[in-house]
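Visitor: Need the 3D shape of this:
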Amino acid sequence: MRRNVVRRYVRSPTLYMHTNSLKLVFQSIYFVEKLFVKRSICTICYQNLNDHNNNIKCIVNETRLHVDIYEIDMKLAFSQILDRLYPDIIQYKQEIASQSLIEDNDIPFNTLYQNMISQFTTEKNFVSLILHIDDVSLCKSSKLILWLLSGAFVELPPHLRYRRSNMILLSIWIGYQEPIPKA
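Guide: Below is the predicted model:
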């Protein structure tokens with residue numbers, strides 16, 4: 001009885017709030033669908049199993065040998081993240097060029113990176129990535145694993161480089177086996 005009285009006086013969300021929330025959810029889903037392309041492949045023959053034509057010659061029916069790969073639309077993702085990070089990248093590149101932070105032992109101030117810069121002296125607008133690959137177990141009983149390939153921009157200062165919002169997700173591999181580079 002008391003619950004019903006409380007429920008009457010608690011404001012319920014209006015239809016307007018639900019409409020706006022759903023609109024944002026659908027916009028986010030559409031953006032993610034536009035950003036990633038899904039492929040399903042066989043880990044034995046490397047055939048794309050998404051092609052729904054009769055040309056698939058894969059005879060393996062074992063679902064444990066099939067993986068789903070989500071690949072990012074590189075042009076779209078890089079343009080969006082680089083547009084946002086451009087001022088920070090330019091500022092840090094100026095610090096790298098002037099060697100003003102030589103006391104820091106960061107990647108751009110070391111010999112290998114400096115040699116790479118000398119090879120690309122004509123290209124001022126290049127960026128380089130540190131690639132990371134890591135796995136997360138999705139289910140212990142079935143041993144299904146999600147592998148993430150992400151990148152961090154070397155030309156960002158260390159305090160910005162590894163922030164989640166500044167890293168780029170390049171690929172997701174979901175399957176029972178480790179990722180195969182040629183797939």
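Visitor: Now do the helices in this structure.
Guide: Using DSSP state H, the helices of the chain run over 2-9, 15-35, 74-98, 111-119, 158-161.
Visitor: For the protein, which residues score under the pLDDT cut-off?
Guide: 1-33, 51-60, 100-104, 121-123, 182-183 (pLDDT under 70).
Visitor: please redo it, this time with the cut-off set to 50
Guide: Counting by pLDDT under 50, the chain shows low-confidence ranges at 1-18.
Visitor: Show me what the nearest residue to Leu131 once chain neighbours are set aside bridges to in the sheet.
Guide: Closest residue in space to Leu131, ignoring its immediate chain neighbours: Gly151 at 5.3 Å, by Cβ to Cβ, 6 or more residues apart in numbering. Glycine gets a C-beta too; all of them are placed from N, C-alpha and C. Here Gly151 sits in beta bridges with Leu131, Ile168, as judged by DSSP bridges.
Visitor: residues contacting Leu146?
Guide: Neighbour list for Leu146: 135-136, 138, 172-174 [criterion: Cβ atoms under 8 Å, 6 or more residues apart in numbering].
Visitor: Mind doing that once more with 7 Å?
Guide: With contact taken as Cβ atoms under 7 Å, 6 or more residues apart in numbering, Leu146 is in contact with 135-136, 138, 172, 174.
Visitor: how close does it sit to Asp134?
Guide: 9 Å (Cβ to Cβ, to the nearest Å).
Visitor: now Gln177
Guide: 16 Å.
Visitor: can you check Pro157 too?
Guide: Look at Pro157 and Asp134: by Cβ to Cβ, they are 23 Å apart.
Visitor: So between these two, which is more surrounded?
Guide: Pro157 (16 against 9; other Cβ atoms under 10 Å).
Visitor: and the residue nearest to Leu131, how many neighbours?
Guide: Applying other Cβ under 10 Å, we find 18 residues neighbouring Gly151.
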